[in-house]
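1. Below is the sequence, then the predicted model.
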Amino acid sequence: MKVVAPRLPTPVTPATPVSGASASRLPDDVISDQVQRLKLFALISGGMWAIGMLMDFVIFPSTQMGSRATQATFIIELVAVTLAAAVYLYVCYSPHAPHLKADAGLVLMLLNSAGIAMLETWAVDPSHESLGHLSWIPIVILLSAMVMPGSPRKMLAAALVSASMGPVGVWLAHLRGVDVPGVVDTLAMAMPNYTCAIAAVLPSQMFHRMGKRLREARELGNYQLVERLGEGGMGEVWRARHRLLARDAAVKLVRPEILGASEPEARAQLRRFEREAQATATLSSQHTIRLFDFGATDEGSFYYVMELLAGRDLESLVKKFGPLPADRVVFLLRQACHSLAEAHARGLVHRDVKPANIFVCRMGLDYDFVKVLDFGLVQYREVEASESVTETLVTAERLIGTPAYLAPEIILGSADVDRRADVYALGCVAYYLLTGQRVFQEGSAMQALIDHVQTTPAAPSRRAPLAVPRQLDELVLACLKKKREERPQDASQLLALMSEIPPAGQPWTGTQAQSWWQTHLPEFGPTLTPVEPMTP
């Protein structure tokens with residue numbers, strides 16, 4: 001899985017306790033789609049009124065048919081175009097929540113119905129014959145119900161008011177002294193309006209019933225799935241909202257087909273994942289992703305609930321901004337080592353250390369704060385020998401997907417992969433951060449696997465565009481030794497060795513990190529007082 005938080009984060013509105021109204025509301029992404037349809041409907045509505053103006057005052061006067069349009073017609077059509085444009089601008093630029101913007105569709109339906117009624121009873125002489133023609137109001141009601149359905153109650157109320165615009169227009173014409181049909185005839189002519197108003201509730205009910213089922217399908221315990229953040233070979237990652245707490249989280253859904261074709265295999269995988277998730281939950285390093293919950297859905301998917309981060313993973317950071325200075329690389333990797341050192345001390349082997357699984361974010365007042373991700377599928381060394389091997393379909397997929405960071409012993413299928421495989425992967429990560437290139441990037445993925453087993457890598461200083469201190473150069477190459485006994489033996493030892501590396505220039509500090517983030521990633525909130533991050 002490539003993503004645990006948004007690559008380009010946007011401010012997240014804190015969750016609020018679920019009330020009866022919010023519980024019945026459509027999912028946020030469904031409402032957002034409805035808002036997009038409303039924008040299109042507003043454009044079409046304004047365009048139709050503009051075409052009406054063109055027909056009434058340009059095309060018809062130039063033909064033998066002539067035009068019966070009056071000054072009132074021009075005013076009504078001009079106001080209708082203006083109001084449709086106003087609704088469009090409101091939907092596009094208003095800071096209001098999407099569900100409030102969606103209600104503007106009902107307002108637009110009322111405005112269109114009122115405009116049509118005024119054309120039929122005010123701008124044109126409302127004789128008995130002219131009022132006997134079918135009104136455009138039923139068409140507006142049905143189109144609005146199908147394109148932008150609101151809640152059934154709101155839709156029924158708005159549709160009935162829209163349907164009443166015709167009779168109200170006749171009554172206003174009567175007040176002006178115009179000869180109009182009687183009450184019974186007026187209501188009879190308005191019957192199609194009210195019939196369509198009642199029928200408009202049906203698509204609204206269907207739409208909201210499907211939305212309710214979709215919301216229920218997205219409920220995972222106390223969490224409600226809100227927005228999909230990404231997907232990969234293992235499944236999907238969603239932003240989720242806790243029902244009671246003002247806290248958002250990231251939920252990773254592991255698709256059931258990955259866990260084995262047979263039911264016994266799936267149950268065995270579930271037991272293994274549950275044990276590993278419980279082991280991960282015991283990790284307390286501030287640089288380890290926090291795991292809140294774990295479980296299985298009714299459909300057989302497995303899910304992990306983790307803290308939601310705002311920042312960038314190291315892979316996208318380097319792709320966007322290029323290789324990093326040596327002092328910043330040390331600053332970031334020391335924090336990653338702090339996380340992995342605790343895991344190694346508890347007998348956990350991450351097995352999937354790579355830039356995409358190391359997230360750098362703004363955490364409170366700290367900048368360049370590192371979180372190590374994807375601890376949900378680690379190898380737990382203190383289990384029975386019969387269950388210690390984790391070469392499942394999941395890890396087999398990873399072997400194919402990320403060959404650039406695999407230790408030789410993993411590629412060769414060793415049954416006793418240990419923490420030194422993570423040290424090798426950290427060496428690959430350091431190489432990538434310093435050079436912007438993978439250790440072995442020539443040829444196919446299979447060639448990269450062969451090179452990891454057989455080929456001695458070039459020193460990062462030979463490929464890095466920025467200066468790399470000799471001590472850091474040697475330490476990265478030590479991590480990349482083919483024989484694992486020649487590498488640093490765990491992340492704790494690697495952390496100690498990194499702490500001995502002298503700065504290449506001016507040390508990377510919290511003040512420098514803050515300045516960099518404010519320049520390159522200003523979307524992460526207002527400026528706060530600089531605070532030096534806690535070092536491992």
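-> That came through, no problem. Numbers count the residues shown, from 1 in each chain.
2. thinking residue 118 is in contact with residue 77, fair?
-> No - using CB atoms under 8 Å, residue 118 is not in contact with residue 77, being 9.9 Å away. (Each C-beta comes from the backbone N, C-alpha and C, glycine too.)
3. Give me the secondary structure label for the residue positioned nearest the centre of the chain.
-> The centroid of the chain falls nearest to residue 229 when counting by CA atoms, centre = their mean (3.3 Å). Following DSSP: H, G, I helix; E, B strand; the rest coil, we place residue 229 in the strand state.
4. Quick check: it vs residue 356, distance?
-> Taking CB to CB, to the nearest Å as the measure, residue 229 falls 13 Å from residue 356.
5. Can you give the domain ranges for this structure?
-> Under the assignment automatic domain parsing, the domains of the chain span 28-210, 219-307, 311-520.
6. ranges for the strands of the protein?
-> Using DSSP state E, the strands of the chain run over 219-220, 223-232, 235-242, 248-254, 291-296, 302-307, 311-313, 348-349, 358-363, 366-372, 379-380.
7. The fourth one relative to strand 291-296, how many degrees between them?
-> Angle, strand 248-254 to strand 291-296, by axes from the mean of the first three to the mean of the last three CA atoms, to 10 degrees: 40 degrees.
8. for strand 248-254, packing partners?
-> Contacts defined by 3 or more CB pairs under 8 Å, 6 or more residues apart in numbering; DSSP states H and E place strand 248-254 against strand 223-232, strand 235-242, strand 302-307.
9. Find the residue closest to the residue nearest to the centre of the chain in space, skipping its chain neighbours.
-> Excluding the flanking residues, the one nearest residue 229 by CB to CB, 6 or more residues apart in numbering is residue 237, at 4.8 Å.
10. how close does the one you found get to residue 35?
-> As judged by CB to CB, residue 237 and residue 35 stand 24 Å apart.
11. Next: residue 305.
-> From residue 305 over to residue 35 the distance is 28 Å, taken as CB to CB.
12. out of the two, which sits in the busier spot?
-> Per other CB atoms under 10 Å, whichever of residue 305 and residue 35 has more neighbours is residue 305, with 23 against 20.
13. still on that earlier bit, now the strands of the chain in CSV, with distance to residue 98 and mean pLDDT?
-> Conversion of the strands of the chain to CSV gives the following (distance: least, CB to CB, whole Å; pLDDT from 0 to 100):
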stretch, distance to residue 98, mean pLDDT
strand 219-220, 20, 66
strand 223-232, 11, 77
strand 235-242, 14, 81
strand 248-254, 16, 82
strand 291-296, 26, 80
strand 302-307, 24, 83
strand 311-313, 25, 91
strand 348-349, 42, 88
strand 358-363, 26, 92
strand 366-372, 30, 93
strand 379-380, 43, 53
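14. quick one: which of these is nearest residue 138?
-> Closest of the strands of the chain to residue 138 is strand 223-232, at 37.0 Å (criterion: CB to CB).
15. what comes up buried for that closest one?
-> 223, 224, 225, 226, 227, 229, 230 (16 or more other CB atoms under 10 Å).
16. Pretty sure residue 243 is one of the things the fourth one touches, is it not?
-> Yep, that's residue 226 we're talking about. No - look at residue 226 against residue 243 with CB under 8 Å: they stay out of range, at 11.8 Å.
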